[in-house]
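1. Provide a 3D model corresponding to the input given below.
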Amino acid sequence: MARDLRFLVLAGLLLAASCESAVFSPVSESHRSAALELFSPAHGSFGSLEETYEALKTFEVLGIEKKNDLRTSSCTSVADTLRSTSSALKDFFHALRVNSILKCKLNSETFRGAESRLKGSLHDGNSLIEFYYSIGGLVLLKDQTSEVDVHLTDADRIFRSIKALGQSDGRWRLSSNNPESSNNAAGIALEALAGVISLASPHVDHSLITTLKNDILKLFDGIERYDDGTCYFDEKHVGARGHQSPLSASASVVRGITAIAAVTSENLNLPGEKILGLAKFFLGVGIPGSAQDLYHQIDALNCLENIRGSTPLILSLPATVISVTKKDQIKVRVSTVLGSPAPTLSVRLMQIFISGTKDASVIDKKLTFDAASGMHVLETLPESIDVGSYIFSFEIIFDTPEHKKNYATGGRTKVPIHITGAIKIASAEIAILDGDHGSVETQRKLNLPGDNDVALSANHLQKLRLSFDLTTPSGNAFKPHQAFLKLRHESGVEHIFLVGTSGKKFEIILDFLGLVEKFFYLSGRYDIQLTVGDFNMENSFLQPLGYIELDLPEAPEKAARPPPQPVDPYSRYGPKAEISHIFRAPEKRPPKELSLAFLGLVLLPFFGFLAGLIHLRANLKNFPKSTVPSTFASLFHLGIAAVLALYALFWLKLDLFTTLKSLGLLGMFLMFVGHKTLSHLASTSAKLKSS
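-> Numbers count the residues shown, from 1 in each chain. Next up, the predicted model:
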């Protein structure tokens, strides 16, 4: 139960800490680590040129040097794709995108062939995707070589052809045969139209660009928005490019409006709060789990960083938990979405809201800028701020008025901040009171938090009182999220009571006469435990205080019985009882003298054999010299050696039955080879006598 209560305390504190709006931070080192992990080529190359470009673009934006690792295989694929007449238009486009980063060595003939292919497909195209690939490829050629002419003499016609696919709400269709429109298609169309404007010769009619600016504003009218200011473009259409998530659809729109802003001299008058909301959306995604989502996130943030006239600035805090005990300072950082330094500006603290209420105080205080760390620092907290949860409202003020036209700040930025501190605990005591008059019979002082080991006793006519005071470092009353008193009977039955509060004083009185049924008339020892916890309280504790011996009356016949205590599920995985093995009693062995006598009898044949050889005057002079007789003679002596070895094995390991069986086999073998050997010796001896 203690484990469950600690979990309850922790869960409550985390919930209290996460109920406010999110804090957004620019791209960090975590994104670089994720890029290296997600974009890992197999055998030095990716599956397609599109994947290669996404990896290279992500590495380039994040400042990761990986070009040389991919150059050889990627440039070979780029050259083969651009020289092949059967390559798809999509592959042509992605090959030129990869080449825009790697700068592969391609000859002028390759570029002229690519120009011819792209212009031919542009005149024959009838869908938005074909226009996008053709125009985008020509724009890439324009940036990569000056040996080809990629300008469009019929730019107005192409512009109107693409514009005809647009809808009244700012979205686009992928083709004239497809009635469904989407935000993703709008981003593709805006990129294509930006390419037409940059390739036009002469310039595109100004009225068409004015109409396009209105379409962009209509597109922003349909943007989705959260309460914290986060904005994104939703996508429900499933078309030729498959389902597009809000991340990819929003990235497509951002790429489109960035491209339009780059090729037009006029200001698009983009809504700054929505541009900042898009930046918050991409940063709020965190670290995507797929390579393509990471590319969409980083590429969109790169576009927002470079969008002309509306570059968003992110106000972030390295720490949103400030300790008054440690005298921490509130530090604010203002940067672009990719972490680049912001222009010269100042940050002002405008208001402070008490979290969970509408109460607010007007501050209007300028933060001090620390040039060494690049942080804006609130050196001292306002006097009205005490331990608790607040929402600080900051506002960015540009030192140069021109910067206000180029950057989007979104007005005031609200950030949840938790002020923590060590809470003072005083006048802590536990007492046993007389049930009739309320007079104190036994009283003990408590050290909270600290070691306590009180021993109390009471009957059902008495009461238990626990009291203590909680104050903040500033001396104000502090009310924690949780203050519980738990009594646990020796049988395992637990009872939890909420400790009430009145200002600074916390007190609970347990009248045992009214609790006898709740306690199931169980007399005996009850362990006492106090829990005081809060997210903003640095010295939260869950602490045993001691025990109380309760003398309760006998339970009536119809009284409720205590519930059966649950079995700890972890006990089944605990150590099992030790297994005691019962071994067979050792067999009786013969006396040592008998064993030695048996050893002598076993060795006796060997000594008899040696004596027989000496008696027969055995020598090696008559050992057969021809091949067959010498083989049988050698086998005979080896057989004798095997018999001796068998005797040794019998003494060390073998049993009698195995020994006799092996001895029989060796005996038959010895009889055969011995007979052959003796026959040869007899014939040799007969020949010598006859001669």
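
2. which residues are contacting the host helix or strand of residue 275?
-> Using DSSP states H and E, residue 275 sits in helix 272-284. Contacts of helix 272-284 with the rest of the structure, by C-beta atoms under 8 Å, 6 or more residues apart in numbering, involve 22, 24-27, 220, 223, 225, 228-232, 246-247, 250-251, 254, 297, 300-301, 304, 307, 310, 312-314, 337, 408-411. To be clear about C-beta, it is placed using only N, CA and C from the backbone, and glycine gets the same treatment.

3. okay, the following helix or strand past it in PDB with CA atoms only?
-> Downstream of helix 272-284, the first helix or strand assigned by DSSP H and E is helix 291-306. Taking only C-alpha atoms (Å, rounded to 0.1, in the frame of the first residue of the first chain), the coordinates of helix 291-306 have been written out as PDB:
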ATOM      1  CA  ALA A 291      13.000   9.900 -41.300                       C
ATOM      2  CA  GLN A 292      10.400  11.500 -43.600                       C
ATOM      3  CA  ASP A 293       8.600  13.200 -40.700                       C
ATOM      4  CA  LEU A 294      12.000  14.500 -39.400                       C
ATOM      5  CA  TYR A 295      12.700  15.900 -42.900                       C
ATOM      6  CA  HIS A 296       9.300  17.700 -43.100                       C
ATOM      7  CA  GLN A 297       9.900  19.200 -39.600                       C
ATOM      8  CA  ILE A 298      13.400  20.400 -40.200                       C
ATOM      9  CA  ASP A 299      12.800  21.600 -43.800                       C
ATOM     10  CA  ALA A 300       9.700  23.500 -42.700                       C
ATOM     11  CA  LEU A 301      11.600  25.100 -39.800                       C
ATOM     12  CA  ASN A 302      14.400  26.100 -42.200                       C
ATOM     13  CA  CYS A 303      11.800  27.700 -44.500                       C
ATOM     14  CA  LEU A 304      10.300  29.600 -41.600                       C
ATOM     15  CA  GLU A 305      13.700  30.800 -40.500                       C
ATOM     16  CA  ASN A 306      14.300  32.200 -44.000                       C
END
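
4. what helices and strands are in contact with helix 291-306?
-> Applying 3 or more C-beta pairs under 8 Å, 6 or more residues apart in numbering; DSSP states H and E, one finds that helix 291-306 contacts helix 29-38, helix 49-62, helix 246-263, helix 272-284, strand 311-316.

5. which other helices and strands contact the host helix or strand of residue 529?
-> When secondary structure is defined using DSSP H and E, the element that contains residue 529 is strand 524-533. Using 3+ C-beta pairs under 8 Å, 6+ apart as the contact criterion, the neighbours of strand 524-533 among helices and strands are helix 2-17, strand 482-489, strand 541-551.

6. which stretches of this structure have low pLDDT?
-> The model of the chain has pLDDT under 70 over residues 1-22, 236-243, 570-572, 618-622, 691.

7. re the thing from before, report the inter-axis angle for the helix holding residue 275 versus helix 246-263.
-> With axes from the mean of the first three to the mean of the last three C-alpha atoms, to 10 degrees as the criterion, the two stretches helix 272-284 and helix 246-263 enclose an angle of 130 degrees.

8. circling back: closest to residue 76 out of the helices and strands packed on helix 291-306?
-> Proximity to residue 76 (C-beta to C-beta) singles out helix 49-62 among those, at 11.2 Å.

9. how far does stretch 36-55 stretch from start to finish?
-> Its first and final residues considered, stretch 36-55 spans 9 Å by C-alpha to C-alpha, to the nearest Å.

10. buried sites along stretch 157-167?
-> Neighbour-count burial for stretch 157-167, with 16 or more other C-beta atoms under 10 Å as criterion, is recorded at 158-159, 161-163, 165-167.

11. SS state for residue 418?
-> Put simply, residue 418 is strand when judged by DSSP: H, G, I helix; E, B strand; the rest coil.

12. could we number from 17 for the rest of this?
-> Shifting the count to begin at 17 puts that one at residue 434.

13. that one pairs with what?
-> With DSSP bridges applied, the residues forming beta bridges to residue 434 are residue 337, residue 405.

14. how close does it sit to residue 668?
-> For residue 434, the distance to residue 668 under the criterion C-beta to C-beta, to the nearest Å works out to 80 Å.

15. the two: which is more packed in?
-> residue 434 (19 against 7; other C-beta atoms under 10 Å).

16. give the contact list for that one.
-> Neighbouring residues of residue 434 by C-beta under 8 Å, 6+ apart: 33, 336-338, 404-406, 551-552.

17. got it, and residue 442?
-> Going by C-beta under 8 Å, 6+ apart, residue 442 touches 484-485, 487.

18. so what would you say the end-to-end distance of stretch 518-536 is?
-> Taking C-alpha to C-alpha, stretch 518-536 runs 31 Å from one end to the other.

19. hang on, the earlier thing: got the buried residues of stretch 173-183 as JSON lines, with distance to residue 460 and secondary structure columns?
-> Shown next, in JSON lines, are these (distance: C-beta to C-beta, whole Å; DSSP: H, G, I helix; E, B strand; the rest coil):
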{"residue": "174", "distance to residue 460": "90", "secondary structure": "helix"}
{"residue": "175", "distance to residue 460": "88", "secondary structure": "helix"}
{"residue": "177", "distance to residue 460": "90", "secondary structure": "helix"}
{"residue": "178", "distance to residue 460": "85", "secondary structure": "helix"}
{"residue": "179", "distance to residue 460": "85", "secondary structure": "helix"}
{"residue": "181", "distance to residue 460": "83", "secondary structure": "coil"}
{"residue": "182", "distance to residue 460": "81", "secondary structure": "strand"}
{"residue": "183", "distance to residue 460": "78", "secondary structure": "coil"}
